[in-house]
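Asks: Predicted model and sequence follow; I will ask about them next.
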Amino acid sequence: MSSQPHPPRFRIALEKEDFKFSAAHFTLFPGGGAELLHGHNYRVRVEVTGSDLDDEGLLVDIEQLKKTIRERCAHLDSRTLLPAASPRLQHTRDGDAIEVVCGERKYRFPAADVLLLPLVNTSMELFARMLWEELAPSLAGSRVEDLAVGVEETAGQRCRYERGIVWAWGRR
């Protein structure tokens with residue numbers, strides 16, 4: 001069995017102090033359980049990888065990528081994040097409030113404080129994938145071949161979602 005050397009690649013890792021969001025949530029568990037409503041100071045890390053640079057010697061427009069990451073974090077910041085796609089959670093709007101029922105628990109939140117996310121759960125795994133899906137389109141036209149997004153929920157507890165980016169022109 002011969003081992004092929006890995007082709008040369010460029011990897012840029014971005015983990016800025018302001019790539020963060022603070023939010024309330026509760027994770028749903030198998031068997032019908034759920035955490036109590038609580039909050040985290042989430043941190044986001046993004047890595048882009050590619051084997052080729054553009055004519056300016058750049059893998060990606062890093063300033064635009066940082067701007068997009070900050071926008072996505074700001075969108076989630078200071079909110080109660082709820083999994084709108086969960087069959088275990090029912091939510092209704094009542095004037096300026098969102099009423100939520102999850103099992104035996106009932107919550108009422110100011111509507112302006114809530115983000116109903118298209119997720120089945122508000123886990124760090126799904127946050128990482130959601131952010132990946134939101135960031136990937138901003139990389140069109142760059143030389144980026146792979147994107148990884150890490151979401152840290154607490155110190156020492158992080159999920160990383162990574163996958164290759166396939167562009168319309170057939171280049172990976």
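Replies: Perfect, thanks for sending it.

Asks: who touches the longest helix along the chain?
Replies: Secondary structure of the chain per DSSP state H: the longest helix is helix 62-76. The contact list for helix 62-76, computed with CB atoms under 8 Å, 6 or more residues apart in numbering, reads 12, 14, 16, 18-21, 23, 42, 44, 46, 48, 115, 131, 134-135, 138-139. From N, CA and C alone the C-beta is placed, and that goes for glycine too.

Asks: which of the residues you listed are buried?
Replies: Among these, the ones that count as buried by 16 or more other CB atoms under 10 Å are 19-21, 23, 42, 44, 46, 48, 115, 131, 135, 138-139.

Asks: Check these and tell me the two furthest apart.
Replies: The largest separation in those, counting by CB to CB, is between Val48 and Leu115 at 25.9 Å.

Asks: Is Glu134 within a helix or a strand, and which one?
Replies: helix 124-135 (DSSP states H and E).

Asks: Against Val44, how distant is the residue most central in space within the chain?
Replies: In the chain, the residue lying closest to the centroid (CA atoms, centre = their mean) is Leu131, at 2.7 Å. Between Leu131 and Val44 the computed distance is 7 Å (CB to CB, to the nearest Å).

Asks: so what's in contact with these two at the same time?
Replies: Common neighbours of Leu131 and Val44 (CB under 8 Å, 6+ apart) are 72, 149, 151.

Asks: thinking the last one is in contact with Tyr42, fair?
Replies: Yes. Taking contacts as CB atoms under 8 Å, Val151 lies within contact range of Tyr42: 5.8 Å.

Asks: quick one: common contacting residues for these two?
Replies: In the contact map built from CB under 8 Å, 6+ apart, the residues linked to both Val151 and Tyr42 are 124, 127.

Asks: tell me how far the lengthiest strand in the chain is from the chain's mean position?
Replies: The strand spanning the most residues in the chain, taking DSSP state E as the definition, is strand 38-50. Taking CA atoms, centre = their mean, to the nearest Å, one finds strand 38-50 lying 7 Å from the centre of the chain it belongs to.

Asks: Kind regards, and thank you for your time.
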